[in-house]
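# Here is my input; please provide its structure:
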Amino acid sequence: MRIRSSIFLLILFAFLATAQKQLTVEEIFTNGIFYGNPLVGVKWFDGGKKFSFLKYDESSSTISLFEHDVETGKEKVLVSGNKLNLVAAGDEAEESFVIKNYEWSPDEKYILFTGLLPARSVKTGGTFYLYDLENDKFFLLAESEEEQVNAQFSPDGKKLGFVRGNNLFVIDIESEKETQLTFDGSEIILNGVFDWVYEEEFHIIQAWEWSPDANSIAFWRFDQSHVPLLKIARWDSLYFNFDEMYYPKAGSSNSIIQIGVVEINSGRTNWIDIGDEKDIYVPRIKFTTEPGKLSILRLNRSQNKLDLIFANIKTGESKIILSESDSAWISVSNDLTFLKDGKYFIWSSERDGYKHLYLYDYEGNLINQITSGNWEVDKEISVDENERKIFYSSNERGTIYKDIYSIGLSGKGKTLISKRLGNHEINMSPDCKYYIDKYSTANSLIETSLSLANGSEVRILRTPDMSFFDNYNFSPMEFLSFTATDGIELNGAIIKPYDFDESLKYPVLIYNYSGPGSQTVKDSWGGIDYLWHQLLAQKGYIIFIIDNRGTGGRGKAFKNLVYKNLGKWEVHDIIEGTKYLSNLPYVDSERIGIWGWSYGGYISALAIMKGAEYFKAAIAVAPVTHWKFYDTIYTERYMQTPELNPEGYEKSSPLNYVEDLKGNLLLVHGTSDDNVHFQNTIELVKELINANKQFDIIFYPDKKHGISGGNTQIHLFNKMTEFILNNL
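Prediction:
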């Protein structure tokens, strides 16, 4: 009996040791192992010989600023968090100082510490402090009861510019003398800050720029007086309050734009001639290497004609250097670099059907095309002018990958630098001798390494703990392609249950985003969505992902198909995906569902109605339900205005297909969503009730588009899990 008992216990322990751990939503959001080992707040300094970063310092029990020597690999504390004393700095704040964001001055004498504001990327805000490295001094530089944002050092490091109360200011750092440069800023007039729609849709934060000689500042001025004012209810008091925002919906009035250049010493503002047409966009400005010459990108309201303009900042006179046009729309990027020789610049374009880089002279003459081929440049990374070559990322080895290349400005000598297939995000040193690579795949967390510019790895900086793949028996994401019935090949990806048995039938949940130019099928770490999909795979679901026509990475013609007809090809191709799945022997074709967020929520709602016979369930999180409810820049880029394309707006709206709903639909929305307004879901609910269609809904009070904060996302993902288990 004892021997048999011992054998039984050994077998039991062996089983328990190898038993699959069940993932929970709570663990996804609280277990640090799933977030890897990131290198945070990296900034190069000392000409590229060192970089700084933020890390918890155990010796001082604070977040501190560290430095890393690229040659030796040695790391040490550069600025300890316990040196940043608010009281000693002249601030009587009750809370202790915690580093959230920092910037080096160009001369590397000072480090600026600021707060952060919600935005698409880093947006400085709050009170501004400086740390004097030479004198080991931490001091308060600028504070105000009015909001302060968008701080930038002058190129010579002697001044700090910023926006307060929608006006531009500069402070002389040595004397701490403050000078106001614009005076008409208000809730309606914005100087040096963007309105909501520019920041959201042109992916730009900083609405002003120093001239190279630090004598002038170029800035955007927005007049929102004709933009509709929107009120969003906040359910926070007995009679509740409202958030107000200027939000131009499709077809309505945008802000009137001016580009000004203010002289620091005189305070005089010169206004640039950007043409007689006022209903336009200016998505980028940038000084050339000449302090007196400003470049401006001018985009027409229809967003199918883009002009590069050079302007004299003293006279305001301007001229068109080059123009781009497209039968559908033009995407704006940051790929505009003026070479130090003052003769040439690098420009990106999709004119040959794929996004590539081009070399021009200052007169607008094309010197040569730098990159070419039936693949797309992702972005320009850096230019080594000494070696006359450019570093860029692209998907040349496959649309699901992002690799790093270098190539001569002449278009010759192309070299693949990154060797491992996957996704490479590069931070190049200013001397172009080193780069920091954040590398991931769909099935591996981000690994951070330091390499020479030729791709030779110097050292691993951060290695993630990937043991959870074995501990939880995660299933790898597999990539595939299939051919639609009309002959178009589409990219997809699949996650199968760990104990997958091809002789069984499995339900499938399709995940989509689907928006123009986006990509969901890619070999990069997918974060929370990937983890939740693994949770569902553990519960016996197959996860399927598809990139439909209109998505990115496959050239302009593939994207342009959705022009003026959003929703058509997205739903068509996702239905093609269900047909492909239904032909697989292990798929239960009666149990196929779909989910998505934002644009993906829109397509999920549209798909379960227009493709009612193919979908048993759908989850639509923060969906657009009619494009007349969404903003001018995004919507009109793809749909024109409601006046020009009324049929397209109606055909694309889920509101017009509620009668076809057969499956189970869950609607999710935050009531304070300032992006896709709660109005979208309310209107869909009205139509569903009118059609006597049953549905599930959950709304999150006072939550915005990301539906986050506190336990919100845990609650949301548990709710979605419950819905899938009960309805699919």
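
# Isn't residue 290 up against residue 341?
No. Residue 290 is beyond contact range of residue 341, at 11.5 Å (criterion: C-beta atoms under 8 Å). The C-beta positions use only the backbone N, C-alpha and C, and glycine is treated the same way.

# Which one's more surrounded, these two?
residue 290 (16 against 8; other C-beta atoms under 10 Å).

# Now name the helix or strand holding the closest residue to that one other than its chain neighbours.
Distance criterion C-beta to C-beta, 6 or more residues apart in numbering; nearest residue to residue 290, sequence neighbours excluded, is residue 342 at 6.3 Å. Using DSSP states H and E, residue 342 maps to neither a helix nor a strand.

# ok, residue 342 to residue 499 distance?
65 Å (C-beta to C-beta, to the nearest Å).

# Is residue 535 part of a helix or strand, or is it coil?
helix (DSSP: H, G, I helix; E, B strand; the rest coil).

# Am I right that residue 161 is in a helix?
No. With three-state DSSP as the criterion, residue 161 is assigned strand and is not in a helix.

# and it, bridged to which residues?
residue 152, residue 170 (DSSP bridges).

# cool, residue 544 as well?
Residue 544 has the following beta-bridge partners by DSSP bridges: residue 494, residue 510.

# From here on, call the first residue 148.
Got it, the first residue is 148 from now on, which makes the last one we talked about residue 691.

# Outside of whichever strand in the chain runs longest itself, list whatever touches it.
Longest strand of the chain, by residue count under DSSP state E: strand 734-744. The contact list for strand 734-744 (C-beta atoms under 8 Å, 6 or more residues apart in numbering) reads 652-661, 689, 721, 725, 728-729, 749-751, 754-755, 761-769, 810, 867, 871, 874-875.

# Tell me the strands beside that strand, with direction?
For strand 734-744, pairing defined by DSSP bridges yields strand 653-658 (parallel), strand 764-768 (parallel).

# and residue 674, how far is that from residue 594?
Residue 674 is 15 Å from residue 594, by C-beta to C-beta.

# Which one's more surrounded, those two?
For the pair residue 674 and residue 594, the greater number of neighbours falls to residue 594 (21 against 15), based on other C-beta under 10 Å.

# Is the more buried one in contact with residue 607, as I believe?
Yes. Between residue 594 and residue 607 there is a contact under C-beta under 8 Å: 6.9 Å.

# Could I get the full set of helices for the chain?
149-165, 172-177, 343-348, 615-618, 674-685, 703-707, 715-729, 746-757, 779-786, 793-798, 826-837, 859-874 (DSSP state H).

# Tell me which of those sits most buried.
helix 746-757 (a mean of 28; mean count of other C-beta atoms under 10 Å).

# next one: it to chain centre, how far?
On the basis of C-alpha atoms, centre = their mean, to the nearest Å, helix 746-757 sits 22 Å off its chain's mean C-alpha point.

# Next, the angle from that helix to strand 734-744.
Taking axes from the mean of the first three to the mean of the last three C-alpha atoms, to 10 degrees, helix 746-757 and strand 734-744 form an angle of 130 degrees between their directions.

# I'd like the average pLDDT over helix 746-757.
On average, the pLDDT along helix 746-757 is 98.

# tell me what that helix is packed against?
Helices and strands touching helix 746-757, by 3 or more C-beta pairs under 8 Å, 6 or more residues apart in numbering; DSSP states H and E, are helix 715-729, strand 734-744, strand 764-768, strand 811-817.

# Put the alpha carbons of it into PDB.
What follows is helix 746-757, C-alpha atoms only, in PDB (Å, rounded to 0.1, in the frame of the first residue of the first chain):
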ATOM      1  CA  TYR A 746     -13.200  51.300 -36.100                       C
ATOM      2  CA  GLY A 747     -13.100  47.600 -35.200                       C
ATOM      3  CA  GLY A 748     -16.300  48.100 -33.200                       C
ATOM      4  CA  TYR A 749     -17.900  49.800 -36.200                       C
ATOM      5  CA  ILE A 750     -17.000  46.800 -38.500                       C
ATOM      6  CA  SER A 751     -18.200  44.300 -35.800                       C
ATOM      7  CA  ALA A 752     -21.600  45.900 -35.600                       C
ATOM      8  CA  LEU A 753     -21.900  46.200 -39.400                       C
ATOM      9  CA  ALA A 754     -20.700  42.700 -40.000                       C
ATOM     10  CA  ILE A 755     -23.300  41.000 -37.700                       C
ATOM     11  CA  MET A 756     -26.000  42.900 -39.500                       C
ATOM     12  CA  LYS A 757     -24.900  42.800 -43.200                       C
END
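
# That one vs helix 674-685, what angle?
Using the same axes, to 10 degrees: helix 746-757 against helix 674-685 is 40 degrees.

# Okay, angle between helix 746-757 and helix 779-786 too, please.
50 degrees.

# which residues of the chain score low on pLDDT?
By pLDDT under 70, the low-scoring segments of the chain are 148-167, 235, 239-241.

# Now the terminal residues of stretch 420-427, how far apart.
13 Å (C-alpha to C-alpha, to the nearest Å).

# what does that stretch contact?
With C-beta under 8 Å, 6+ apart, stretch 420-427 has contacts from 401, 403-406, 429, 443, 445-448, 456, 458, 463-465.

# Just name the closest of those residues to residue 778, please.
The closest of those to residue 778 turns out to be residue 401 (C-beta to C-beta; 9.4 Å).

# nearest spatial neighbour of that closest one, skipping sequence neighbours?
residue 395 (5.0 Å).

# wait, isn't that neighbour in contact with residue 344?
Yes. Assessed by C-beta under 8 Å, residue 395 is found in contact with residue 344 at 5.8 Å.

# Please identify every residue contacting each of those two.
With C-beta under 8 Å, 6+ apart as the test, residue 395 and residue 344 both reach 401, 778, 779.

# what about the second one, how many neighbours?
Residues lying near residue 778 (other C-beta under 10 Å) number 21.

# Who are the contact partners of the closest residue to it other than its chain neighbours?
Spatial nearest neighbour of residue 778, excluding adjacent residues (C-beta to C-beta, 6+ apart): residue 344 at 4.9 Å. For residue 344, the contact set (C-beta under 8 Å, 6+ apart) comprises 394, 395, 401, 778, 779, 780.
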